[in-house]
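1. Sharing a model prediction with you, sequence too.
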Amino acid sequence: QKLLTTRRGRCGEWAHTFLLLLRAAGYEARHVSDCADHVWCEYFSNSKNRWVHVDPCEQAWDKPLLYDAGWGKKPTYVFAAGRHGVADVSRRYVVNPLDLPSRRTRVAEQWLSQSISGLNAQLRAGLDDETRRALAMLDASELLQLMSLEHQQNDAAVADLPGRQSGSQAWRQARGETGASSSSQPQRKPDTTTRYIRAPGQQLPQLFTSAGRLTGGACRASGENGSQAPPCLFDGTLTTKWLDFGGGGVGGEAWAEYRLLPSQPAVVVTHYDIISAEDCPERDPCDWVLECVPVQEHSGDSNSSSSSSRTGGDNSAGRGSSQSWKMVDQQQGQMFSRRHQLHSFRIGTAVRVLSRQWRLRVMRTANPGAANSVQLSCWNLYSSSSSSCSDDSSSGGQLQDAAKDIGTQSHLLYLNPERIAELQRAVRSVSSPGAAADSDGPAATSATTISDSVPIEAVATVQRILRNMQQNPSNTKFWQLSATAVKLQPVLQSQFLLAVLLEAGFRPVLMQQGPELQLRLVADETAAANVAVVEQLLELVS
């Protein structure tokens, strides 16, 4: 009562009181604290479908950049606390989120993210399943909005924000909150880049996970065409595509980006594939580079975001980013001979690094003079557990020796020494049921199974598949398999036999077959690495 009567009090007292009023009015509201010494509120607006900034001390509504662009402060750690959880909302309150990683040095970002997740889990432990799911969906929606904020706030959003209004002039000057001069205010460059949106893939068949395909992250791109948006690149199906008109024509350039969420650990991407769209071959990518933002050891699992511009936002664009992109693969003159063709590429071991963020930058289309856009059906990133980001010592054996003949990009991706040894025992079981018992290692469990209870016939199936690939190197019929075929099921259920198919270049794809989607395994017959590896795998299984 005294606060409302005298209208004098600290920012915390005003924030607490206004928070009470918001909740009394039926709003879902949160208390927001800036570790640089100021507090305010947020409430969830159903009409805007987002949390809205409100500062009763400054009579400010929906002006989250007030403190950075108006007061001249540099928010670094800003947290919002509500009834059912806590959120790191720092990105909402800074003009340039790309500057945040260099300022946030108190704790490792991964530790902070995990701590918040653990705290929220405790706060929600007593809630029913439906409420917890609704809160999780709200968390995910806010996270994507925060990741996209660098593209929503431009020069107009920071133009007329004042310095601090509450408190005496001397007090405000002593705190350095009277306002930043227009010449010193950081400015955002206008941009047409799409917002981050959750990439599909969580409901994909298990075969995608077995192949090491990255899922669960977020994506964006230099542009889109209605429903032909960035998420189409990661839905695993050939019935959709991503299209960007900004990437067509002579001199056109476009890019797509995939990044893991803060709760996901960094990984080493070892190979990737892209699949052409269903029409207009002149729009196919021809020249491109694959880049990533390496995780810096000194900053932990950094969640820094990329710059944003039509050219992909390199540091030279002057946006003050503390991060830098590293090129891990470059392709020139790539051509697709048919629609929905898969091209796969291995990343050399020397340039494999831990990262949480990757970008495919298309420099030229197949026919720039005729193309009005760039398009792709799929872009898949893989991190295989058997690979190494530093050397090839773990891959060993007969196959690895042969791989040296075709360069570092052919190092093994899925087969390690243990799996190779098991494969050799399996082959001996096929050729002579008693041979496995006489050799080193586990004996066959019966005349019809091998060490991991896989039918011997499954090994023979793999032999036939590889032999068909070798004998028909340009016949796509033998470089595709139906993942639902009865004879293939024992192969797919065996960890090491599936690894053989993946090593030969097979990747999961969802294709339209009549009214339904069918899961298939498709290999790139044009990849020299695949052809060579098939030859060496045959030597092992013959």
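-> Thanks, I have it. Since this is a predicted model, take the numbers as computed values, not measurements.
2. A strand includes V32, no?
-> Yes - the assignment for V32 is a strand, going by DSSP: H, G, I helix; E, B strand; the rest coil.
3. List the neighbouring strands of the top strand by length along the chain plus their orientation.
-> Counting residues, the longest strand in the chain under DSSP state E turns out to be strand 354-365. If you go by DSSP bridges, strand 354-365 pairs up with strand 254-259 (antiparallel), strand 267-268 (antiparallel), strand 285-294 (antiparallel).
4. what does the longest one contact?
-> Residues external to strand 285-294 that are found in contact with it (C-beta atoms under 8 Å, 6 or more residues apart in numbering): 269, 272, 274, 302, 304, 306, 312, 323-335, 345, 347, 353-366, 374, 376. Using the backbone N, CA and C atoms, a C-beta is placed for each residue, glycine as well.
5. deepest of the strands paired with strand 354-365, which one?
-> Compared across the strands paired with strand 354-365, strand 254-259 shows the largest average neighbour count, a mean of 26 (mean count of other C-beta atoms under 10 Å).
6. ok, which stretches of the stretch 401-542 of the chain are strands?
-> Assigned by DSSP state E, counting those that start in this stretch, the stretch 401-542 of the chain shows strands spanning 480-482, 507-513, 516-522.
7. just the stretch 151-300 of the chain next, same as before
-> Under DSSP E, counting those that start in this stretch, the stretch 151-300 of the chain gives strands at 197-198, 218-221, 242-244, 254-259, 267-268, 271-275, 285-294.
8. Pull the distance from the fifth one to the chain's centre.
-> Right, the one you point to is strand 267-268. 11 Å (C-alpha atoms, centre = their mean, to the nearest Å).
9. if we can go back for a sec, mean pLDDT and distance to L66 added to the strands paired with strand 354-365, as JSON lines?
-> Below are the strands paired with strand 354-365 laid out as JSON lines (pLDDT from 0 to 100; distance: least, C-beta to C-beta, whole Å):
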{"stretch": "strand 254-259", "mean pLDDT": "96", "distance to L66": "28"}
{"stretch": "strand 267-268", "mean pLDDT": "95", "distance to L66": "38"}
{"stretch": "strand 285-294", "mean pLDDT": "96", "distance to L66": "30"}
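10. Any stretches of the chain with poor pLDDT?
-> Residue ranges of the chain with pLDDT under 70: 1, 150-159, 174-175, 180-192, 297-323, 385-411, 426, 429-454.
11. Show me the residue at the heart of this protein, geometrically.
-> With distances taken as C-alpha atoms, centre = their mean, R259 lies nearest the centre of the chain, 2.9 Å away.
12. ok, that one touching L214?
-> No - between R259 and L214 there is no contact under C-beta atoms under 8 Å: 9.9 Å.
13. quick one, the longest helix along the chain and strand 254-259 angle?
-> What stands out as the longest helix in the chain, according to DSSP state H, is helix 129-148. Counting by axes from the mean of the first three to the mean of the last three C-alpha atoms, to 10 degrees, helix 129-148 lies at 140 degrees to strand 254-259.
14. Now do the buried residues in helix 129-148.
-> Residues of helix 129-148 classed as buried: R132, L135, L138, D139, E142, L143, L144, Q145, L146, M147, S148 (neighbour count, 16 or more other C-beta atoms under 10 Å).
15. show me the contacts for L4.
-> With C-beta under 8 Å, 6+ apart, L4 has these contacts: T17.
16. hmm, 10 Å instead?
-> Neighbouring residues of L4 by C-beta atoms under 10 Å, 6 or more residues apart in numbering: W14, T17.
17. Pretty sure it sits in a helix.
-> Yes - counting by three-state DSSP, L4 is found in a helix.
18. could you measure it against F245, distance?
-> 56 Å (C-beta to C-beta, to the nearest Å).
19. again, but for T461
-> 46 Å.
20. the more surrounded of these two?
-> T461 (20 against 17; other C-beta atoms under 10 Å).
21. For the residue lying closest to the residue nearest to the centre of the chain once chain neighbours are set aside, the count of nearby residues, please.
-> Distances taken as C-beta to C-beta, 6 or more residues apart in numbering place Q357 nearest to R259, at 4.2 Å, with adjacent residues excluded. Q357 has 23 neighbours, counted by other C-beta under 10 Å.
22. shouldn't Q357 be in contact with Q264?
-> No - counting by C-beta atoms under 10 Å, Q357 stays clear of Q264, with 11.1 Å between them.
23. Please enumerate the shared neighbours of these two.
-> Common neighbours of Q357 and Q264 (C-beta under 10 Å, 6+ apart) are G217.
24. picking up where we left off before, right, so of the strands paired with strand 354-365, which gets closest to A60?
-> Closest to A60 of the strands paired with strand 354-365, according to C-beta to C-beta: strand 254-259, at 31.6 Å.
25. Tell me which stretches of the stretch 1-150 of the chain form helices.
-> Using DSSP state H, counting those that start in this stretch, the helices assigned to the stretch 1-150 of the chain run over residues 2-6, 11-24, 100-103, 109-123, 129-148.
26. Identify whichever of the strands paired with strand 354-365 lies nearest to L537.
-> Here strand 267-268 is closest among the strands paired with strand 354-365 (C-beta to C-beta), at 23.3 Å.
27. Tell me, how many residues neighbour R106?
-> With other C-beta under 10 Å as criterion, R106 counts 9.
28. and it, what is it in contact with?
-> C35, T76, Y77, L112.
29. could you redo the last one with a cut-off of 8 Å?
-> The neighbourhood of R106, defined by C-beta under 8 Å, 6+ apart, consists of Y77.
30. From C35, how far off is it?
-> Counting by C-beta to C-beta - R106 and C35 are separated by 8 Å.
31. Can you pull the residues that touch both of those two?
-> Common neighbours of R106 and C35 are listed as Y77 (criterion: C-beta under 8 Å, 6+ apart).
32. where does V328 land in three-state SS?
-> When classified by three-state DSSP, V328 comes out as strand.
33. Quick check: closest non-adjacent residue to it.
-> That would be V351: by C-beta to C-beta, 6+ apart, it lies 4.7 Å from V328.
34. close enough to count as contact, the one you found and V269?
-> No - between V351 and V269 there is no contact under C-beta under 8 Å: 10.4 Å.
35. The two: which is more packed in?
-> Neighbour count, other C-beta under 10 Å: between V351 and V269, V269 has more, with 24 against 15.
36. For the closest residue to the more buried one other than its chain neighbours, list the residues it contacts.
-> Spatial nearest neighbour of V269, chain neighbours left out: L381 (5.1 Å); criterion: C-beta to C-beta, 6+ apart. Contact partners of L381, counting by C-beta under 8 Å, 6+ apart, are R213, L214, Y258, V269, Y272, W358.
37. For the residue nearest to the centre of the chain, give its distance to L376.
-> 18 Å.
38. and if you look at E282?
-> To L376, E282 is 14 Å away according to C-beta to C-beta.
39. Likewise for W171?
-> W171 sits 57 Å away from L376, going by C-beta to C-beta.
40. of those two, who's got more company?
-> L376 (25 against 11).
41. thinking again about what came up before, could I get the longest helix of the chain in CSV with only the CA atoms?
-> Provided in CSV are the C-alpha atoms of helix 129-148 (Å, rounded to 0.1, in the frame of the first residue of the first chain):
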residue,chain,number,x,y,z
ASP,A,129,1.6,-35.4,-18.1
GLU,A,130,-0.6,-33.2,-20.2
THR,A,131,0.5,-30.0,-18.4
ARG,A,132,4.2,-31.0,-18.7
ARG,A,133,3.8,-31.6,-22.4
ALA,A,134,2.1,-28.2,-22.9
LEU,A,135,4.9,-26.5,-20.9
ALA,A,136,7.6,-28.3,-23.0
MET,A,137,5.9,-27.2,-26.2
LEU,A,138,5.9,-23.6,-24.9
ASP,A,139,9.6,-23.9,-24.0
ALA,A,140,10.5,-25.1,-27.4
SER,A,141,8.4,-22.3,-29.1
GLU,A,142,10.2,-19.7,-27.0
LEU,A,143,13.6,-21.2,-27.7
LEU,A,144,13.1,-21.0,-31.4
GLN,A,145,11.8,-17.4,-31.1
LEU,A,146,14.9,-16.4,-29.1
MET,A,147,17.2,-18.1,-31.7
SER,A,148,15.6,-16.0,-34.4
